[in-house]
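**Q** Generate a structure from the sequence data that follows.
(chains A, B, C and D)
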There are 2 protein chains.
Amino acid sequence: MSMNATIKDVASLAGVSFKTVSRVINEEATVSEALEKKVKQAIKELNYKPNLSARGLRGSTSSIGFLYDNPNSNYVIDMQKGIFEECSASGYELLIHPCDSTSRHLDSEVSEMIMRSRVGGLVLTPPISDNIDLIKILHNKQINFVRVVSGAAIPDEFGPFVLIDDRQAAYAITKHLIKLGHSNIGFLCGDVEHKSNAERLKGFKLALADADIKLDANNIIPGSFSFDSGVSRTKSLIEIRREHLPSAIFACNDEIAAGTLFAARVAGIDVPSQLSIAGFEDSPFSRQAWPYLTTAKQPTLEIAKIATKLLIKKVRSADVTEQDCQVFCPELLIRDSTASCR
Amino acid sequence: MSMNATIKDVASLAGVSFKTVSRVINEEATVSEALEKKVKQAIKELNYKPNLSARGLRGSTSSIGFLYDNPNSNYVIDMQKGIFEECSASGYELLIHPCDSTSRHLDSEVSEMIMRSRVGGLVLTPPISDNIDLIKILHNKQINFVRVVSGAAIPDEFGPFVLIDDRQAAYAITKHLIKLGHSNIGFLCGDVEHKSNAERLKGFKLALADADIKLDANNIIPGSFSFDSGVSRTKSLIEIRREHLPSAIFACNDEIAAGTLFAARVAGIDVPSQLSIAGFEDSPFSRQAWPYLTTAKQPTLEIAKIATKLLIKKVRSADVTEQDCQVFCPELLIRDSTASCR
DNA sequence: GATTTTAATGACAACGTTGTCTTTGTTGGT
DNA sequence: ACCAACAAAGACAACGTTGTCATTAAAATC
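**A** All right, here's what the predicted structure looks like:
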């Protein structure tokens, strides 16, 4: 039906120059109320929407990119949803770019993507948000970005961020296990290069230390953020340490925890009476396992929205100060997979 | 470091007009080999990449959109990955647009998105690919799209498609259950408005009919494509039909099947000795359940790639004929959740 | 050898926006 | 009443491509 109306169509309908229309659209202050009203009416009437290509050509843009490299579908989809909603609300389009964070050519790949597509900025999530080399390159090239990162403190001088205090949440989970009487607690790690893994481990260690429990180095088990890792690590734990099996396991995320649960069931170990299991993330896994997983709830959608808000603010060349940046502490959710130590 | 090289930079380095460079880039046939070589060398040297905004402005574009409305994270992520890889290989960027397929304003929302972003075309997946009103509107507006749809036959005249023969696969699963001796088989439906649901049900009914098994209408249980639906439907099935409980359940996808498995375990019903369960999709669910789920494997990644190839071919204004379109039949994967009827 | 055809290349406009500069009209101070 | 300062609006170039048309040189035809 209606063909794309251009800024000139609006201008001639409103009886003004097309530059005035441009001013109204971009909320430049120098338009009289009378004209502004007329122009807005015309925009509405023609259902005019600015053309992103033309904008992008002239310099500014109305799209942002989401760069990710994360095997966790639930996390990516939730992030993506939050980012998209915020984009929609502000009139931005969303371009996605899955990638390999360990690739040697990541920086040129990303630069090319930005040059070609002219996105106004990038949302970076772990593990890419911890790739300091890439961050520095983006910073030097004056590319806008916002990072979602794990950590207890402000990361560095490189622009806006949303901080997830994994350490404190892991501390809370561990403390919960200790209160239940557990002292022989296994820690199933995620990918070692993810900072969230390190932070969660730090929180775990801290809680043990504060409770004067000596850490058994054998209880820290390397792995990756996957169901299969949870299964295999738990399986070998059960085989090798049958005598001295931990009475509780803190899995670095829900997916690992679900794997642990799986392996425990196969081995005939009851959860939680014989083994307590805690996860991290509050992903669907935690409610699709039985018993329901004790976990730490990460409000991914909200985090995504706030990160995107910061980015768009920055893209619009407003200053984003440290005050704008937020810290989230995942909240302990006690459910059915953790119980008192027998 | 390197600033964005433009077509003119390439032209002056190669000592030709910028139009000639444009010709080389767009593979127009009328460039001599000597010049083509020089131009390609210059392009390489400057690491020149065409600017999408400028292209989009002039008419043609180098980005495509992925429109989706599907609660299944695994499916979306896999689709997205396949689409992206194909885009990357052909120099296209990928814009995503999650939406609500039941929204009244879906058509205008989509049109606006296309006008603004100037994507060259859209990849549509169920349930959006079955929204015939939207399809007609897109067709009338001459917007390029490719559909991934469920069905046994060519859907209609509206352009290229990739067909998933859910019916035949469901027939195979049901036949497998019948061969195991089951005749009282429950069918747990997904969302009723998804065509894949209807197709799978058709295959189910057909297999029963071919085996001369009378269909018990109570065995067709409405629901949705979710874990929770699987749990609640199975739970009430067990409560209401304790006497006459089906000996096998065909769940419309793996997520439902995982829910069924969950509910069976809670109720103390052993799988597969007391109850056989089959799923559909070969999602991670099917390998994170215990016992491993019998299912039908849908090669989502490959489907995504082929669909994207078709779309890009069409965007490049080549004719896409029905011969190019493909039919996939998900493959029966017999695993541990189905066994002989006791 | 003169003319037509064809192939290869270039000149220039156009796409729809935003940035810069100019013009116009109004306000306020002397 | 005059001029300075300022606010509002417009004129026009620029962004980096592709499309259209014009030009040139070479090849093919008579």
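**Q** remind me, longest helix of chain A?
**A** Ranked by residue count and defined by DSSP state H, the top helix of chain A is helix A:73-90.
**Q** Show me what the helix or strand that that helix is followed by packs onto, helices and strands only.
**A** Sequence-wise, the next helix or strand downstream of helix A:73-90 (DSSP states H and E) is strand A:93-98. When contacts are defined as 3 or more Cβ pairs under 8 Å, 6 or more residues apart in numbering or on different chains; DSSP states H and E, strand A:93-98 packs onto strand A:63-68, helix A:73-90, helix A:106-117, helix B:73-90, strand B:93-98, helix B:106-117. (Glycine included, C-beta is placed from N, CA and C.)
**Q** who's in contact with the first one?
**A** What it means is strand A:63-68. The contact list for strand A:63-68 (Cβ atoms under 8 Å, 6 or more residues apart in numbering or on different chains) reads A:52, A:56, A:76, A:79-80, A:83, A:87, A:92-99, A:110, A:113-114, A:117-125, A:128, A:308, A:311-312, A:315, B:95, B:117.
**Q** related to what we said a few turns ago, which stretch among the helices and strands packed on strand A:93-98 is buried most, on average?
**A** Of all the helices and strands packed on strand A:93-98, strand A:63-68 has the most neighbours on average by mean count of other Cβ atoms under 10 Å in any protein chain shown, namely a mean of 25.
**Q** relative orientation of that one and helix A:73-90 in degrees?
**A** 170 degrees (axes from the mean of the first three to the mean of the last three Cα atoms, to 10 degrees).
**Q** quick one: A:K314 is in a helix?
**A** Yes: using DSSP: H, G, I helix; E, B strand; the rest coil, the secondary structure at A:K314 is a helix.
**Q** follow-up on the earlier one: and the longest helix of chain A with chain B, contact?
**A** Yes: using Cβ under 8 Å from any Cβ of the partner chain, we find that helix A:73-90 touches chain B at A:S73, A:N74, A:V76, A:I77, A:Q80, A:K81, A:F84.
**Q** want to try JSON lines for those residues, with pLDDT and distance to DNA strand C as columns?
**A** Shown next, in JSON lines, are those (pLDDT from 0 to 100; distance: Cβ to the nearest atom of the strand, whole Å):
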{"residue": "A:S73", "pLDDT": "93", "distance to DNA strand C": "36"}
{"residue": "A:N74", "pLDDT": "93", "distance to DNA strand C": "37"}
{"residue": "A:V76", "pLDDT": "96", "distance to DNA strand C": "31"}
{"residue": "A:I77", "pLDDT": "96", "distance to DNA strand C": "32"}
{"residue": "A:Q80", "pLDDT": "97", "distance to DNA strand C": "26"}
{"residue": "A:K81", "pLDDT": "97", "distance to DNA strand C": "27"}
{"residue": "A:F84", "pLDDT": "97", "distance to DNA strand C": "22"}
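**Q** between those, which is closest to A:Y48?
**A** Nearest to A:Y48, judged by Cβ to Cβ, of the residues of helix A:73-90 next to chain B is A:F84 at 22.7 Å.
**Q** Tell me the confidence at the nearest residue to the closest one once chain neighbours are set aside?
**A** Residue nearest to A:F84 in three dimensions, not counting chain neighbours: A:L94, with 5.1 Å by Cβ to Cβ, 6 or more residues apart in numbering or on different chains. On the pLDDT scale, A:L94 is placed at 95.
**Q** same question, A:K313
**A** 88.
**Q** Let me see the contact set for it.
**A** With Cβ under 8 Å, 6+ apart, A:K313 has these contacts: A:V320, A:D324.
**Q** Can you tell me how far it is from DNA strand D?
**A** From A:K313 across to DNA strand D, the span is 25 Å (Cβ to the nearest atom of the strand, to the nearest Å).
**Q** how far away is that residue from A:S90?
**A** 9 Å (Cβ to Cβ, to the nearest Å).
**Q** in stretch A:300-311, what's buried?
**A** A:T300, A:I303, A:A304, A:K305, A:I306, A:A307, A:T308, A:K309, A:L310, A:L311 (16 or more other Cβ atoms under 10 Å in any protein chain shown).
**Q** and of these, the nearest to B:R342?
**A** Nearest member of these to B:R342, counting by Cβ to Cβ, is A:T300, at 44.3 Å.
**Q** Once you drop chain neighbours, what's closest to the closest one?
**A** A:D78 is the one closest to A:T300 (Cβ to Cβ, 6+ apart), at 4.1 Å.
**Q** Also A:V266?
**A** Closest residue in space to A:V266, ignoring its immediate chain neighbours: B:W290 at 6.5 Å, by Cβ to Cβ, 6+ apart.
**Q** give the contact list for that neighbour.
**A** Per Cβ under 8 Å, 6+ apart, neighbours of B:W290: A:F262, A:R265, A:V266, B:L261.
**Q** is it fair to say it lies in a strand?
**A** No: under the criterion used here (three-state DSSP), B:W290 is coil, not part of a strand.
**Q** Okay, it and A:T300: tell me how far apart.
**A** Taken as Cβ to Cβ, the span from B:W290 to A:T300 is 27 Å.
**Q** before we move on, what about A:A172?
**A** Distance of A:A172 to A:T300, computed by Cβ to Cβ: 18 Å.
**Q** Could you do A:S17 as well?
**A** Counting by Cβ to Cβ, the gap from A:S17 to A:T300 is 46 Å.
**Q** How about A:D270?
**A** For A:D270, the distance to A:T300 (Cβ to Cβ) stands at 31 Å.
**Q** A:G203 contacts A:Y171, doesn't it?
**A** Yes: assessed by Cβ atoms under 8 Å, A:G203 is found in contact with A:Y171 at 4.0 Å.
**Q** quick one: low-confidence ranges for chain A?
**A** A:1-3, A:317 (pLDDT under 70).
**Q** how about the helices in it?
**A** Using DSSP H, helices in chain A cover A:7-14, A:18-25, A:33-46, A:52-58, A:73-90, A:106-117, A:132-140, A:166-179, A:195-210, A:227-240, A:254-266, A:284-288, A:300-315.
**Q** quick one: the third one near DNA strand D?
**A** Yes: part of helix A:33-46 sits near DNA strand D under the criterion Cβ under 7 Å from any atom of the strand, namely A:A34, A:L35.
**Q** and that helix, what other elements does it pack with?
**A** Here helix A:33-46 touches helix A:7-14, helix A:18-25, going by 3+ Cβ pairs under 8 Å, 6+ apart.
**Q** How about the first one and chain B, any contact?
**A** No: when contact is scored as Cβ under 8 Å from any Cβ, no part of helix A:7-14 falls within range of chain B; the minimum is 12.9 Å.
**Q** Contacts for that helix, please.
**A** A:17-18, A:20-22, A:25, A:35, A:38-39, A:41-43, A:45-46, A:48, A:50.
**Q** And stretch A:244-252, by the same measure?
**A** A:170, A:173-174, A:177, A:180, A:182-190, A:196-197, A:200-201, A:204, A:219, A:223, A:225, A:230, A:234, A:237-238, A:257, A:259-260, A:274-280, A:338, A:341-342.
**Q** Next, the buried residues of it.
**A** For stretch A:244-252, burial by neighbour count (16+ other Cβ under 10 Å) applies to A:L245, A:P246, A:S247, A:A248, A:I249, A:F250, A:A251, A:C252.
**Q** Also stretch A:200-216?
**A** A:R200, A:L201, A:K202, A:G203, A:F204, A:K205, A:L206, A:A207, A:L208.
**Q** next one: stretch A:289-299
**A** Applying 16+ other Cβ under 10 Å to stretch A:289-299 flags A:A289, A:W290, A:P291, A:L293, A:T294, A:T295, A:A296, A:K297, A:Q298, A:P299 as buried.
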